[in-house]
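Colleague: structure for the following, please:
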Amino acid sequence: MKSKKYLVILLIMIITGLLKAQPSILLTNLPGDLSSQFESAFNKADHNNGFWIGYSIQKINDRNVMIGSFYFNDEFDDLSLRDLIYNTQKYQNFKSSYNEVKTKKKSGNYLVINHGSRNSDRVLDKETAILFYYDENPKNINDFTEISVCNLSYFYFLGGCSIYWLGEKESKSSVDFLFSLENNTREDKLRKRIISGISIHTDQPKVTSFLIDLINEKDEKTDLRKDATYWLGYQDNTSAFEELKRIIKNEPLIEIKKSAVFSIGSMDLPGSTDALIFIVKNNKNMEVRKNAVYALGNKAVKKAEEALKNIVDDDPDIEVKKAAVYALGNNLPKNIQYLIDIANNNSSLAVRKSAIYSLSNSNDERAFDALIEIAKK
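Modeller: Next up is the predicted model:
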């Protein structure tokens, strides 16, 4: 009898394992609006195990921007979240190795906006998933413990849990749904994640207004206001730009000012480079000026490069000069020869050391040869 009992238990374990090996459950024909569909997916889910509910939107902006929470593992570089959701042949090819690590931690909340056009040749999928994770035995849809945002073209580790997928949704319905969740969420960690989900909807003017109101709510915690400032730059519109300039001029908290500078640096609006140059020349706070210098380094335009070289040559503050050298080092190998000249000839030892450090991060043979010559001296 015992052997039969153990056999039944083993069979149950095998069946459970096989079910977990199929992480995607497509629910694309549910009736009603997104809120009703989400509620239906929640009711259909297996509440005895952790699970995900997700849907996607199409990002409207033209920038090749990577955004998401990622699980970095070279083994799965060619496997995307889209493959997992739609159970593609590529996922079938990876399934055995994927299932070996499925019990490990889910992808961490590593959220980044990365200008892929400047750092990668990879073309990014504009379809972006918004994922909600529920631990065992949740009571209602507000009991999620994690929210993640991720391009479907990148890998995301689901931790071996099922995902109930609602498909692609209209931007307006997604924003309305997320606003309703934000209104009912009090935990700061989850509010920050909802705000990030709201903020990727760049075609909805009310998102810009929501972020501006949040920033100006002085009773809000600094971290939330700082995050809202960060996301305001992603909106990349005139209203957001003017608000960010106002923050830099009037906001008393330096951390919020610095976040506003970074956000202007992420914008593609024509006046954003001039705004950063103005901040470097006129702002009285060195940390704010340094942030503006670093932001100029992310601008792939000639005016930004010329401004950084002028800072190295003429700025009275050594720390700001060093920041300009580091920023120029972000655009190698284009600035290799300029940095070599700085490393050899600048009158400031600190600035020369900054140029040497930037050269040491390059794989260019010219940088290697220059460093050898400097070492000989």
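Colleague: only C-alpha atoms for contact and neighbour calcs from this point on.
Modeller: Noted.
Colleague: next secondary structure after the worst-scoring helix or strand of the chain on mean pLDDT?
Modeller: Lowest on mean pLDDT, DSSP states H and E among the helices and strands of the chain sits helix 116-119, with a mean of 39. Next in sequence after helix 116-119, counting helices and strands by DSSP states H and E, comes strand 127-134.
Colleague: which strands and helices sit next to the helix or strand following that next one?
Modeller: For strand 127-134, the following helix or strand on the C-terminal side (DSSP H and E) is strand 146-151. Secondary-structure packing of strand 146-151 (3 or more Cα pairs under 8 Å, 6 or more residues apart in numbering; DSSP states H and E): strand 65-69, strand 127-134, helix 188-199.
Colleague: adding mean neighbour count, write these out as CSV.
Modeller: Putting those into CSV (neighbours: other Cα atoms under 10 Å) gives the following:
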stretch, mean neighbour count
strand 65-69, 23
strand 127-134, 22
helix 188-199, 19
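Colleague: select, out of the ones you listed, the one closest to residue 317.
Modeller: Across the helices and strands packed on strand 146-151, residue 317 has its closest neighbour in strand 65-69 (33.4 Å, Cα to Cα).
Colleague: now the weakest link among the helices and strands packed on strand 146-151, please, by mean pLDDT.
Modeller: When the helices and strands packed on strand 146-151 are compared by mean pLDDT, strand 65-69 comes last with a mean of 65.
Colleague: what's the next helix or strand after it in contact with?
Modeller: Once the chain leaves strand 65-69, the next helix or strand it forms, by DSSP H and E, is helix 81-85. Helix 81-85 has contacts (Cα atoms under 8 Å, 6 or more residues apart in numbering) with 23-26, 89-91, 151-156, 163, 165.
Colleague: quick revisit: can you add distance to residue 331 and give the helices and strands packed on strand 146-151 back as a markdown table?
Modeller: A markdown table is the format used below for the helices and strands packed on strand 146-151 (distance: least, Cα to Cα, whole Å):
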| stretch | distance to residue 331 |
| --- | --- |
| strand 65-69 | 18 |
| strand 127-134 | 28 |
| helix 188-199 | 28 |
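Colleague: pLDDT below threshold where in this structure?
Modeller: 1-22, 60-66, 68-77, 98-125 (pLDDT under 70).
Colleague: ranges for the strands of it?
Modeller: For the chain, the strands defined by DSSP state E cover 24-26, 51-58, 65-69, 111-115, 127-134, 146-151, 162-168.
Colleague: can you spell out which helices and strands pack onto the second one?
Modeller: So that's strand 51-58. Strand 51-58 is packed against helix 34-44, strand 127-134, strand 162-168, helix 171-183, with contacts defined by 3+ Cα pairs under 8 Å, 6+ apart.
Colleague: quick one, which of these is nearest to residue 262?
Modeller: Nearest of the helices and strands packed on strand 51-58 (Cα to Cα): strand 127-134, 23.2 Å.
Colleague: convert the C-alpha atoms of the closest one to PDB, please.
Modeller: Output in PDB follows, covering the C-alpha atoms of strand 127-134 (Å, rounded to 0.1, in the frame of the first residue of the first chain):
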ATOM      1  CA  GLU A 127       5.300  46.300 -27.600                       C
ATOM      2  CA  THR A 128       5.800  46.500 -23.900                       C
ATOM      3  CA  ALA A 129       4.400  44.200 -21.200                       C
ATOM      4  CA  ILE A 130       3.000  45.300 -17.800                       C
ATOM      5  CA  LEU A 131       3.200  42.300 -15.500                       C
ATOM      6  CA  PHE A 132       1.600  41.800 -12.100                       C
ATOM      7  CA  TYR A 133       2.800  39.100  -9.700                       C
ATOM      8  CA  TYR A 134       0.600  37.500  -7.000                       C
END
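Colleague: and the angle from it to strand 51-58?
Modeller: Angle, strand 127-134 to strand 51-58, by axes from the mean of the first three to the mean of the last three Cα atoms, to 10 degrees: 160 degrees.
Colleague: and strand 127-134, how far out from the chain middle?
Modeller: Here strand 127-134 is found 14 Å from its chain centre; the criterion is Cα atoms, centre = their mean, to the nearest Å.
Colleague: for that strand, give me every contacting residue.
Modeller: 50-59, 143-152, 197.
Colleague: pairing partners for it, with directions?
Modeller: Pairing partners of strand 127-134, with direction, according to DSSP bridges: strand 51-58 (antiparallel), strand 146-151 (antiparallel).
Colleague: out of the ones you listed, which one sits most buried?
Modeller: A comparison of those by mean neighbour count, using mean count of other Cα atoms under 10 Å, puts strand 146-151 on top with a mean of 24.
Colleague: coming back round to it: can you list the strands paired with strand 127-134 in JSON lines and add distance to residue 307?
Modeller: Output for the strands paired with strand 127-134, formatted as JSON lines (distance: least, Cα to Cα, whole Å):
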{"stretch": "strand 51-58", "distance to residue 307": "36"}
{"stretch": "strand 146-151", "distance to residue 307": "34"}
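Colleague: quick one, which of these gets closest to residue 184.
Modeller: strand 146-151 (14.7 Å).
Colleague: hey, C-alpha coordinates of the closest one in CSV?
Modeller: Only the C-alpha atoms of strand 146-151 are listed here, as CSV (Å, rounded to 0.1, in the frame of the first residue of the first chain):
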residue,chain,number,x,y,z
GLU,A,146,5.2,43.0,-7.6
ILE,A,147,4.8,45.0,-10.9
SER,A,148,7.3,44.8,-13.8
VAL,A,149,7.5,46.6,-17.1
CYS,A,150,9.5,45.0,-19.9
ASN,A,151,10.0,45.1,-23.7
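Colleague: in the stretch 201-350 of the chain, which spans are helices?
Modeller: 205-216, 222-235, 238-250, 254-265, 272-282, 286-297, 302-314, 318-328, 336-345, 349-360 (DSSP state H, counting those that start in this stretch).
Colleague: can you put those in a markdown table and add mean neighbour count and distance to residue 172?
Modeller: Shown next, in a markdown table, are the helices of the stretch 201-350 of the chain (neighbours: other Cα atoms under 10 Å; distance: least, Cα to Cα, whole Å):
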| stretch | mean neighbour count | distance to residue 172 |
| --- | --- | --- |
| helix 205-216 | 18 | 10 |
| helix 222-235 | 23 | 15 |
| helix 238-250 | 17 | 19 |
| helix 254-265 | 24 | 24 |
| helix 272-282 | 18 | 28 |
| helix 286-297 | 24 | 31 |
| helix 302-314 | 17 | 36 |
| helix 318-328 | 24 | 38 |
| helix 336-345 | 19 | 47 |
| helix 349-360 | 20 | 45 |
